[in-house]
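Chemist: got a predicted model here, sequence first, then my questions.
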Amino acid sequence: MSSDPGPGDSDPLHADARQRANALAAARDWTGAASAYAALAADAPDDAGAWIGLARASGRAGHYRAMHAAALRAHAARPRGWPHALALARLLRGLHETRALTELSATLGGHADAPPVDDLVALADLLVDEDLHREALAWLDRAVTREPGHAPARYVRGSVRLFLGDMPGAREDLQQAIAAAPHFAHAHRRLSQLRAEDRVGAPVRIARLRKERARVAPGSEHDIHFSHALFDELHDLGEHAQAWPELERGMRAKRATLRYDAGDDLRLVDAIRARCDADFVARAGHVADRDAPAPVFIVGLFRSGSSVLERMLGGHPSVSEGGESMGFAAALRLAADHRAQGLVDTTLLERLDAVDWPALGRDFMAANAWRARGRALWTEKLPTNSLLLGCIARALPRARFIHTTRAPMDVCFSNLRMLYGGFARWSYDQGELAAWHQAHAALMSHWRDVLGPRVLDVRHHELLRDPEATMQRVTGHLGLAFDPAVLKPERSGGAVATASAAQVRSGLRAPRAPDWLPYRDHLGPLAAGLGVTLD
């Protein structure tokens, strides 16, 4: 786990102790390894490698708090070389210690070593995962300077430039990635997100996508990305008869890679509703200083309009965009000493009685209030925080909530056509997607009953049809005076690291015919699950 030499390894006894700890970790004796690394760290407190080993072993042994504490000790010890630095960066990213990860990146920026370009890209990837896009871009610039034809560096830099609104730069990098590695399906897929700015090039891109897909294994990750990219390109050209089989192929292949039981999600939602009732939420939480900034949690299904709403709110002089932070989930895991499977699981629910709720609120604020950047409010736009609204409301009595909604068929089809990573496993099958939509609707109905006026529903079609009136409601809900700057999501600056990255920056679009309409003959299972008639 931690084989690089560290302080004290000139001492044969210390070196032997490191070997024993590594051997226990290799044998997956996590309790024994944790004990051995703890002894190693006690002997040499400046040995970052020992703390990293202890953090990893503690996590594997199920001791989340011990893992967190050891990771922060490793950070304080300052890793001596890149192998340890990357290992620590992975820990900090997994713990969502965003500020510590930022500090580590800054420290490494002055490091004399010249690590392999692959390591620079790996670090940048971790920074991107925590919405640290500017920091990631600096490392990617170094990588591309050293190896201009490095396809992964070009791909990640193209993605970061897209998130930051540099569309020409994003296109250049993604085209360079494809030129260096024509089979690089992820780069093709990312480039397809910029298709709206280059309709003329669509036939060439479609021919290239088909050519490259023919070279990969059917059902592979590359095949899945090529198929989704083809759907997007063909859909935009109005070639709906050709587009649908591509989407169906991609969905079917992706679903085949997943171990997923929709019933588990439905039972979890029922358990959340039963556990987090009005009495639970009403109990004592953190009483913050009135001058302290307050978080605004924007929740909803993916593709429900949360990105554009956050972007609009970020135009207000009293609101800072916090992005899709895992800050509250990380604080809750620490308070419960349990890393849930997903954002929440039944074990976490069982541990809620042991949580010190005022302390949880204080810890969250201490770790995340910097996101306000001197403003009165900041947004926390992780859509799946809808699962945690009861916990958030109890820990943070000053928090406010906004729930973004879209028409059921609209939002579900928008999810159906997306290609997510290791989450949203319900989005590749029409029946499972409909079941999740209905479960989410029932959960939000529960939160409205429990939280009352703390929750504001914002309907996406109303935001598009009458943005000024809608944003007046939103700012009023947050206790703010209306400011016309919130009507300009296309403004420069900031980052949008979601599937809406390109679309949001093009400004608000008037409501139009739904994208699913040309495929209505194929969407019977979805409509049936939603209780919608397609006549």
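Modeler: Sure thing, it's come through.
Chemist: the residue nearest to residue 311 when sequence neighbours are not counted is in what secondary structure piece?
Modeler: Nearest non-adjacent residue to residue 311, counting by CB to CB, 6 or more residues apart in numbering: residue 489, 4.0 Å away. C-beta coordinates here come from the backbone N, C-alpha and C atoms, glycine included. Under the criterion DSSP states H and E, no helix or strand holds residue 489.
Chemist: residue 489 touches residue 305, doesn't it?
Modeler: No. If you go by CB atoms under 8 Å, residue 489 and residue 305 don't touch, sitting 10.9 Å apart.
Chemist: chain neighbours aside, what residue packs nearest to the most centrally placed residue in the chain?
Modeler: Compute the mean C-alpha point of the chain, and by CA atoms, centre = their mean the closest residue is residue 324, 5.7 Å away. Using CB to CB, 6+ apart and skipping residues adjacent in sequence, the residue nearest residue 324 is residue 382, 4.8 Å away.
Chemist: same thing with residue 178?
Modeler: residue 187 (5.1 Å).
Chemist: same thing with residue 361?
Modeler: residue 286 is the one closest to residue 361 (CB to CB, 6+ apart), at 2.3 Å.
Chemist: and the pLDDT at that neighbour?
Modeler: Note for residue 286: predicted pLDDT of 86.
Chemist: for my notes, confirm it occurs in a strand.
Modeler: No. When the secondary structure is assigned by DSSP: H, G, I helix; E, B strand; the rest coil, residue 286 falls in coil instead of a strand.
Chemist: how about it, what does it touch?
Modeler: 357-362, 364-365, 395-397 (CB atoms under 8 Å, 6 or more residues apart in numbering).
Chemist: about what we covered before: which residues does the residue nearest to residue 324 contact?
Modeler: Shown in contact with residue 382 (CB under 8 Å, 6+ apart): 297, 299, 324-326, 329.
Chemist: do that again at 10 Å, thanks
Modeler: Residues near residue 382 by CB atoms under 10 Å, 6 or more residues apart in numbering: 297-299, 306, 322-329, 343, 388.
Chemist: where does the stretch 301-450 of the chain have low pLDDT?
Modeler: Across the stretch 301-450 of the chain, nothing is flagged by pLDDT under 70.
Chemist: I figured residue 475 hits residue 469, correct?
Modeler: No. Using CB atoms under 10 Å, residue 475 is not in contact with residue 469, being 11.2 Å away.
Chemist: give me the number of residues near the residue lying closest to residue 356 once chain neighbours are set aside?
Modeler: Closest residue to residue 356 apart from its sequence neighbours, by CB to CB, 6+ apart: residue 335 at 6.6 Å. Number of residues near residue 335 (other CB atoms under 10 Å) recorded here: 24.
Chemist: residue 138 too?
Modeler: 15.
Chemist: which secondary structure element contains it?
Modeler: Per DSSP H and E, residue 138 falls inside helix 133-146.
Chemist: list the helices and strands that helix packs on?
Modeler: When contacts are defined as 3 or more CB pairs under 10 Å, 6 or more residues apart in numbering; DSSP states H and E, helix 133-146 packs onto helix 98-109, helix 117-129, helix 151-163, helix 167-180.
Chemist: do you know how far residue 243 is from residue 237?
Modeler: Residue 243 sits 8 Å away from residue 237, taking CB to CB, to the nearest Å as the criterion.
Chemist: isn't residue 511 right up against residue 461?
Modeler: Yes. Applying CB under 10 Å, one finds residue 511 in contact with residue 461, separated by 5.3 Å.
Chemist: which neighbours do these two share?
Modeler: Common neighbours of residue 511 and residue 461, using CB under 10 Å, 6+ apart, are residue 410.
Chemist: run the chain-centre distance for the longest helix anywhere in the chain.
Modeler: The longest helix of the chain (DSSP state H) is helix 430-451. The chain centre lies 21 Å from the centre of helix 430-451; the measure is CA atoms, centre = their mean, to the nearest Å.
Chemist: can you point out the buried residues in it?
Modeler: For helix 430-451, burial by neighbour count (16 or more other CB atoms under 10 Å) applies to 430, 432-440, 443-444, 446-448, 450-451.
Chemist: go on, stretch 229-238?
Modeler: Of the residues in stretch 229-238, those buried (16+ other CB under 10 Å) are 229-235.
Chemist: just these now: which is nearest residue 126?
Modeler: Of all the buried residues of stretch 229-238, residue 126 sits closest to residue 229, with 25.5 Å by CB to CB.
Chemist: so the closest one belongs to a helix, correct?
Modeler: Yes. Assigned with three-state DSSP, residue 229 falls within a helix.
Chemist: for residue 217, what are phi and psi?
Modeler: Dihedral pair for residue 217: phi -70, psi 130, per degrees, to the nearest 10.
Chemist: apart from its neighbours in sequence, what residue is nearest it?
Modeler: Nearest residue to residue 217 in three dimensions, chain neighbours excluded: residue 223, at 6.5 Å (CB to CB, 6+ apart).
Chemist: these two touch, right, the one you found and residue 185?
Modeler: Yes. At 7.6 Å, residue 223 and residue 185 qualify as touching, with contact defined as CB under 10 Å.
Chemist: common neighbours of those two, please.
Modeler: With CB under 10 Å, 6+ apart, residue 223 and residue 185 have common neighbours 212-213, 216.
Chemist: weed out the non-buried ones from the residues you listed.
Modeler: In these, burial by neighbour count holds for 212-213, 216, counting by 16+ other CB under 10 Å.
Chemist: which of those sits closest to residue 48?
Modeler: residue 216 (40.7 Å).
Chemist: that closest one in helix, strand or coil?
Modeler: Here residue 216 is recorded as coil under three-state DSSP.
Chemist: repeat for residue 249
Modeler: Using three-state DSSP, the structure places residue 249 in helix.
Chemist: I figured it hits residue 220, correct?
Modeler: No. In this structure, residue 249 is not within contact of residue 220 by CB under 10 Å, at 11.9 Å.
Chemist: okay, these two: which has more neighbours?
Modeler: Between residue 249 and residue 220, counted using other CB under 10 Å, the more crowded position is residue 249 (20 against 14).
Chemist: skip the chain neighbours and tell me the closest residue to the more buried one.
Modeler: Closest residue to residue 249 apart from its sequence neighbours, by CB to CB, 6+ apart: residue 227 at 4.7 Å.
Chemist: adding pLDDT, write the buried ones among the shared contacts of residue 223 and residue 185 out as JSON lines.
Modeler: Converted to JSON lines, those look like this (pLDDT from 0 to 100):
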{"residue": "212", "pLDDT": "95"}
{"residue": "213", "pLDDT": "96"}
{"residue": "216", "pLDDT": "95"}
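Chemist: tell me which of those is nearest to residue 163?
Modeler: Residue 163 lies nearest to residue 212 out of these, by CB to CB, at 24.7 Å.
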